[in-house]
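Peer 1: Take this sequence and fold it.
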Amino acid sequence: MTSLFEAAGLDAEAPRPLADRLRPQTLDEVVGQDHLLAGKGPIARMRSQGRLASLILWGPPGVGKTTIARLLAEDSDLEFEPLSAVFSGVADLKKAFERARARRQQGRGTLLFVDEIHRFNRAQQDGFLPVVEEGTVTLVGATTENPSFELNAALLSRCQVLVLKRLDDDGLDLLMQRAEAEMGRPLPLDAAARIALRSMADGDGRYMLNLVEEVFTFDQDFKVSADDLATLLNKRATAYDKDRDEHYNLISALHKSIRGSDPDAALYWFARMLEGGEDPLFLARRLVRMASEDIGLADPTGLMIANEAARTYERLGSPEGELALAHAVVHLATAAKSNAVYVAFKRAQRAAKATGSLMPPAHILNAPTALMKDQGYGKGYEYDHDAVGGVSGQDYFPDEMPDRPVFYEPTGNGREAAIGERLARWRKVRDDRRS
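Peer 2: All right, here's what the predicted structure looks like:
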């Protein structure tokens, strides 16, 4: 099989990067994707049945999307036609389709591999539909972004989406062992440094092999420690794109960790987002939202602390102000939780939309003019502070709403337990007055 290096027109005897030399030559050699390639995995089933559907391979960088596509072409006896959405336009697509049609007339099929397929706009994506439907090409698209958001529904309906996983420690270890076998010598790393190297790779096999190739240039007579490795190699920033999937994945993890009352997990995701370059003010705003949505009246101080943390960051900036945000993260995670006000507000919104423009009952309307008094405005109103217990029990809903809805149902968590007891007493006063 022709390597990517040779496909680029370079001499086969020229020096080749380690990652290219170790590129799998069969699907069985692909690391870390057994859920797709082995046993009852979808690609394994297709191979056993002698068929290949159009696919979208969705996964992080360096996990084998391009390699799997190339090997599938070879395994299915299809011509491999690669395109990159970054560098290709409509003209390139048309030429690729024409070549595929010409091959089809000669009895040979085409696997059209489109890297970064999400970079094509909607109209360009629609261009794939006829050639996929008529079988001119078997499309294999690769993307690092969520296909549900980035690809047309029509295109998705014609393809099977397969999710590739970031490589785990076992997979990265296997790549290190293959590299050592290829080079004929062990890596000059102690045990802790090998672990650190895996961590630096962050599940990216290609990046791991690039790091390994650099490590092989170190003095072979000395074992490098983890601390020395961090100095000798410039560790790349954590994989994080502030306007893409990873952004939403991590903020979801932070929010759910706080909602789930796990301060340690919440701090971890908070730190991950800061390390990835997230705007701390965005995090501050989200903490205020969490305090209102998930803590609520179970701990009213949560909203105050979240707001104060945001103001503290605005005054101090980074890195000093980040500690105030961390304070808020821990407080919210350890606070009593209630979404009762959030749920009540949604119920009230639905009721307001359904009932339209009903007027308040006359007795709670102000009557600044004689005409209004004649219309009954304010008649019979009782000043609640003068009532026994401070609650008159009057009805405050529109007269046209005979069934008095209950929107707010406090939980028994934190301070809402006492609120629930008060509301029960007050509702009894209202019920007794209506009966």
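
Peer 1: For stretch 342-355, what does the pLDDT average out to?
Peer 2: Averaging pLDDT along stretch 342-355 yields 90.

Peer 1: Ignore what I typed, I meant stretch 421-435.
Peer 2: What stretch 421-435 shows for mean pLDDT is 87.

Peer 1: Mind exporting the C-alpha coordinates of that stretch to CSV?
Peer 2: In CSV, the C-alpha atoms belonging to stretch 421-435 read as follows (Å, rounded to 0.1, in the frame of the first residue of the first chain):
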residue,chain,number,x,y,z
GLU,A,421,-43.7,25.3,56.0
ARG,A,422,-44.7,29.0,55.8
LEU,A,423,-46.4,28.5,52.4
ALA,A,424,-48.4,25.5,53.7
ARG,A,425,-49.7,27.7,56.5
TRP,A,426,-50.5,30.6,54.2
ARG,A,427,-52.2,28.4,51.6
LYS,A,428,-54.4,26.9,54.4
VAL,A,429,-55.5,30.5,55.2
ARG,A,430,-56.5,31.1,51.6
ASP,A,431,-58.2,27.7,51.3
ASP,A,432,-60.2,28.4,54.5
ARG,A,433,-61.3,31.8,53.3
ARG,A,434,-62.5,30.4,49.9
SER,A,435,-64.4,27.5,51.5
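
Peer 1: Dead centre of this structure: give me the residue that sits there.
Peer 2: Nearest to the mean C-alpha position of the chain, by CA atoms, centre = their mean, lies N249 at 2.4 Å.

Peer 1: how about that one, secondary structure?
Peer 2: When classified by DSSP: H, G, I helix; E, B strand; the rest coil, N249 comes out as helix.

Peer 1: From V161, how far off is I117?
Peer 2: For I117, the distance to V161 equals 11 Å [CB to CB, to the nearest Å]. Yep, even glycine has a C-beta here, placed from its N, CA and C like the rest.

Peer 1: Which one of these two is surrounded by more residues?
Peer 2: Taking I117 and V161 together and counting by other CB atoms under 10 Å, I117 has the greater number of neighbours (27 against 16).

Peer 1: OK, contacts around that one?
Peer 2: By CB atoms under 8 Å, 6 or more residues apart in numbering, I117 lies in contact with 56, 85, 125, 141-143, 151.

Peer 1: how about the nearest residue to G376 once chain neighbours are set aside, what does it touch?
Peer 2: When the adjacent residues along the chain are set aside, G376 lies closest to A362, with 4.4 Å between them (CB to CB, 6 or more residues apart in numbering). Contact criterion CB under 8 Å, 6+ apart gives 375-379 as the residues in contact with A362.

Peer 1: Pull out the buried residues from those.
Peer 2: Buried members of these, counted by 16 or more other CB atoms under 10 Å: Y377.

Peer 1: Dump the contacts of A362 to CSV, plus pLDDT and secondary structure.
Peer 2: As requested, these are arranged in CSV below (pLDDT from 0 to 100; DSSP: H, G, I helix; E, B strand; the rest coil):
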residue, pLDDT, secondary structure
Q375, 84, coil
G376, 86, coil
Y377, 87, coil
G378, 86, coil
K379, 88, coil
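
Peer 1: any idea which of the contacts of A362 is closest to R311?
Peer 2: Here the nearest of the contacts of A362 to R311, counting by CB to CB, is G378; it sits at 42.2 Å.

Peer 1: What backbone torsions are found at the closest one?
Peer 2: The phi and psi torsions at G378 (degrees, to the nearest 10) take the values phi 80, psi 0.

Peer 1: Am I right that it is in contact with P360?
Peer 2: No: at 11.2 Å, G378 and P360 do not qualify as touching, with contact defined as CB atoms under 8 Å.

Peer 1: What segments of the stretch 251-400 of the chain are helices?
Peer 2: Across the stretch 251-400 of the chain, reading from the start of the chain, the helices by DSSP state H, counting those that start in this stretch fall at 263-275, 280-290, 301-316, 320-334, 340-355, 370-374.

Peer 1: just to revisit the earlier point, residues shared between the contacts of I117 and V161?
Peer 2: Overlap between the contact sets of I117 and V161, as judged by CB under 8 Å, 6+ apart, is given by I56.

Peer 1: Near the nearest residue to V163 once chain neighbours are set aside, how many other residues are there?
Peer 2: Counting by CB to CB, 6+ apart, W58 is the residue found nearest to V163 once chain neighbours are left out, at 5.3 Å. Here the number of neighbours of W58 (other CB under 10 Å) works out to 23.

Peer 1: quick revisit: mind checking how far the residue nearest to the centre of the chain is from A271?
Peer 2: Here N249 is placed at a distance of 15 Å from A271 (CB to CB).
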